[in-house]
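Quick one: sequence and predicted model below, then my questions.
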2 protein chains.
Amino acid sequence: MQPKPIKAAITAVGGYVPEDVLNNADLEKMVDTSNDWIVSRTGIHERRILKEEGIGTSFMALKAIDDLKQKVADWNPETIDLIIFATITPDMPLSATAAYVASQIGATQAFGYDLTAACSGFLYGLSTAAAFIGSGRYKKVLVIGADKMSSIVDYEDRTTCVLFGDGAGAVLMEASTNGYGWEDEILRMNGEQRMALTIKAGGSMQPITSEALKNKDNYLQQEGRTVYKMAVSGMCQVTLDILANNQLSSDDLAYVVPHQANLRIIEGLQDRLGVAEQKVLKNIQYYGNTTAATLPLVLNDYHHKFKAGDKIILTAFGGGFTWGAAYLTWAYST
Amino acid sequence: MQPKPIKAAITAVGGYVPEDVLNNADLEKMVDTSNDWIVSRTGIHERRILKEEGIGTSFMALKAIDDLKQKVADWNPETIDLIIFATITPDMPLSATAAYVASQIGATQAFGYDLTAACSGFLYGLSTAAAFIGSGRYKKVLVIGADKMSSIVDYEDRTTCVLFGDGAGAVLMEASTNGYGWEDEILRMNGEQRMALTIKAGGSMQPITSEALKNKDNYLQQEGRTVYKMAVSGMCQVTLDILANNQLSSDDLAYVVPHQANLRIIEGLQDRLGVAEQKVLKNIQYYGNTTAATLPLVLNDYHHKFKAGDKIILTAFGGGFTWGAAYLTWAYST
């Protein structure tokens, strides 16, 4: 008989968004845009911005962990084995923000790293946590998805500055005690169109120079149309595949938790999956695209509705391109 | 009976360093230093530099994979499940270099990400690969350690420019078929002294500005003395602990593969472990510190000496701080 692998489950969720709100009226004063245009094309009404100078993504991650701790009965940071920090906006290019978070929360027995996979980063981090727990080698994993997008957005580029916001979320993953948890995943990447969503300068291909600063190549740039098309078809394909692989129909699902990049992408996915609108969870109206933070922020906003055994799909698409879908059964009721 | 977890093993190794040599005589002309000083303090005689403009770390990683492919009888990129790319010098800040490598080699069924943990990145990547294989969910993982350090080194700073070089290594990890492979690990991180080895600007704490460029805060900066002390004691402690946990003495070891940061650090480790000099593998003389690439480059240079069953310790220490040791039994003879 094949031994049953150890199933990982999310056992707690926390989130944080900064207090400062950047709404569409504010943006109308900054670039040539309008509330109507932004809402009709993206569904976004406002975003949160971490305004204080000299404060990085770790600030928000630590706040999200503070929130998470309140929901854990026996919180003891010394029992955390691993901290995976999904982000494209680490505090510094060197060293790992995960190490800073570890020492700030007292996780003295942990190792960890920063994981870069853009908007799919948190999903990939969950998969990695599930693998460490599944191997039996680690028991308690903290997975963080956090991005200070305002640090890489050009607030003179009206095609991108309306889309992004700052935020952080965190989940605890442990071995399942009731049979519910991480069930299956289909994750993929393909770099052929990596220039469609990129920060050109600041890496080893093109280190930062004053010329690069002048060209604004230190900011996020996006070919919106390419990304839109690929995002809908990419998330749709892996979601349909994972439903088929697990003999599920969209009616069997309690919720779909999609990456929050654009309300139109989410609606495109919803239509093509044929899933009821109220099952497709959204908070993009209030936060915009917070990159690695969207999935945990949605989980944090809605997990009080989830019941043990609820069948849930997480799906994401992002720069790289990277994309994927995971099927899980929620492990607890609140 | 507790089911035995699936053991992961390294089944092939590849490496690449650029052709251009930067030796100590060259550096004597660039900064106020001397061959004698460099050799006596660091043990480094020369480094390799990727000189061509516009070419990033992926260029070297793809060459290392080309080398790896020659050593795999049934190479088929479509069977690769996961690509972990350990680096602090990705091609671009966004998107993941792993995605580009995947599409360049035809790994159409893989997912993956860039993993940031500085000099411990490759060791952490191996641990992650071992977890995915151990969970039974993935079978074939490509782990890359590659850094184009010349893209973040200030060649007017004599305290750092003598230390670093460019390089890439890659290994294939699969389920063990003969009982040998990844045995144990102790991995740790602590961010309290993260400013001792850092690139201050270019992250979310301090985005790049022309002021930051003027201050050279876009380059790697290091407090050498702090890092030296922590590196010796950090690597020594986890290595002694892992030997004790596995009832091993240093005499039982066939080889120790330490991170190549400075020959004096390696010698300090060697003395404190009481292990014979010829068992402690080194190639720092020729490559300098290639960060995430040192461990796979040492494996690539020496694996023809390894025999199936050889007990080997890998140990690393780097910015973060991040550090650790792994114990493995080598899985094949060449």
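Received the coordinates, thanks.

quick one: contacts for the residue nearest the centre of chain A?
Residue closest to the average C-alpha location in chain A (Cα atoms, centre = their mean): residue A:292, at 3.0 Å. Residue A:292 is in contact with A:86-88, A:118-119, A:121-122, A:125, A:145-147, counting by Cβ atoms under 8 Å, 6 or more residues apart in numbering or on different chains. No exception for glycine: its C-beta is placed from N, CA and C like everyone else's.

mind redoing it with 10 Å?
Residue A:292 is in contact with A:57, A:85-89, A:115-125, A:144-147, A:149, A:167-169, A:259, A:316, A:318, counting by Cβ atoms under 10 Å, 6 or more residues apart in numbering or on different chains.

Is it possible to mark the buried ones in those?
Neighbour counting by 16 or more other Cβ atoms under 10 Å in any protein chain shown classes A:57, A:85-89, A:115-125, A:144-147, A:149, A:167-169, A:259, A:316, A:318 among those as buried.

Close to chain B as well: tell me which of those qualify.
Contacts with chain B within the buried ones among the contacts of residue A:292, as defined by Cβ under 10 Å from any Cβ of the partner chain: A:57, A:85-89, A:115-121, A:123-125, A:146-147, A:149, A:318.

From the residues you listed, which land in strands?
Among these, the subset assigned to strands under DSSP state E consists of A:85-86, A:115-116, A:146-147, A:318.

how about the strands in the stretch 101-250 of chain A?
Ranges of strands within the stretch 101-250 of chain A are A:111-116, A:140-148, A:166-175, A:182-189, A:197-198, A:221-222, based on DSSP state E, counting those that start in this stretch.

In the stretch 101-250 of chain A, what residue spans correspond to helices?
Along the stretch 101-250 of chain A, the segments classed as helices by DSSP state H, counting those that start in this stretch run A:121-134, A:210-214, A:224-245.

winner for burial among those?
By mean neighbour count, with neighbours taken as mean count of other Cβ atoms under 10 Å in any protein chain shown, helix A:121-134 ranks first of these at a mean of 28.

Let me know the angle separating that helix from strand A:140-148.
Orientation of helix A:121-134 against strand A:140-148 (axes from the mean of the first three to the mean of the last three Cα atoms, to 10 degrees) gives an angle of 170 degrees.

Which positions within stretch A:20-37 qualify as buried?
If you call a residue buried by 16+ other Cβ under 10 Å, then stretch A:20-37 has these buried ones: A:22, A:24, A:27-28, A:33.

Tell me how many other residues crowd the residue lying closest to residue A:161 once chain neighbours are set aside.
Of all residues not flanking residue A:161 in the chain, residue A:155 sits nearest, at 4.8 Å (Cβ to Cβ, 6 or more residues apart in numbering or on different chains). Close neighbours of residue A:155, defined as other Cβ atoms under 10 Å in any protein chain shown, add up to 15.

My guess is residue A:155 contacts residue A:163. True?
No. When contacts are counted by Cβ atoms under 10 Å, residue A:155 is not listed as touching residue A:163 (11.7 Å).

quick revisit: reformat the strands of the stretch 101-250 of chain A into a markdown table and put mean pLDDT next to each item.
Conversion of the strands of the stretch 101-250 of chain A to a markdown table gives the following (pLDDT from 0 to 100):
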| stretch | mean pLDDT |
| --- | --- |
| strand A:111-116 | 98 |
| strand A:140-148 | 98 |
| strand A:166-175 | 98 |
| strand A:182-189 | 98 |
| strand A:197-198 | 96 |
| strand A:221-222 | 96 |
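
right, so of those strands, which gets closest to residue A:230?
For those, proximity to residue A:230 was assessed by Cβ to Cβ; strand A:197-198 is nearest, at 9.3 Å.

Can you list the strands that that closest one pairs with?
Pairing partners of strand A:197-198, with direction, according to DSSP bridges: strand A:221-222 (antiparallel).

how far is the strand it pairs with from where the chain is centred?
Here strand A:221-222 is found 18 Å from its chain centre; the criterion is Cα atoms, centre = their mean, to the nearest Å.

May I see the buried residues of whichever strand or helix holds residue A:267?
Taking DSSP states H and E as the definition, one finds residue A:267 inside helix A:263-273. Applying a neighbour-count criterion of 16+ other Cβ under 10 Å, one finds A:263, A:265-270, A:273 buried in helix A:263-273.

Any chance of those residues in TSV with pLDDT and distance to residue B:282 as columns?
Compiled in TSV, the buried residues of helix A:263-273 are given as follows (pLDDT from 0 to 100; distance: Cβ to Cβ, whole Å):
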residue	pLDDT	distance to residue B:282
A:263	97	57
A:265	96	52
A:266	97	54
A:267	97	59
A:268	95	56
A:269	96	53
A:270	96	58
A:273	95	56
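
ok, back up a step: which two from the buried residues of stretch A:20-37 end up farthest apart in space?
By the measure Cβ to Cβ, A:22 and A:33 form the most distant pair in the buried residues of stretch A:20-37, at 12.4 Å.

which residues are in contact with both of the two?
Common neighbours of residue A:22 and residue A:33, using Cβ under 10 Å, 6+ apart, are A:161-162.

just checking, residue A:31 touches residue A:22?
No. Because the distance of 11.8 Å does not satisfy Cβ under 10 Å, residue A:31 is recorded as not touching residue A:22.

Low-confidence ranges, chain A, go.
Judged by pLDDT under 70, chain A has its weakly predicted residues at A:1-4.

Show me the domain layout of it.
The record assigns chain A these domain ranges, following automatic domain parsing: A:8-175, A:182-329.

which one of these lies closest to residue B:9?
Proximity to residue B:9 (Cβ to Cβ) singles out domain A:8-175 among those, at 14.1 Å.
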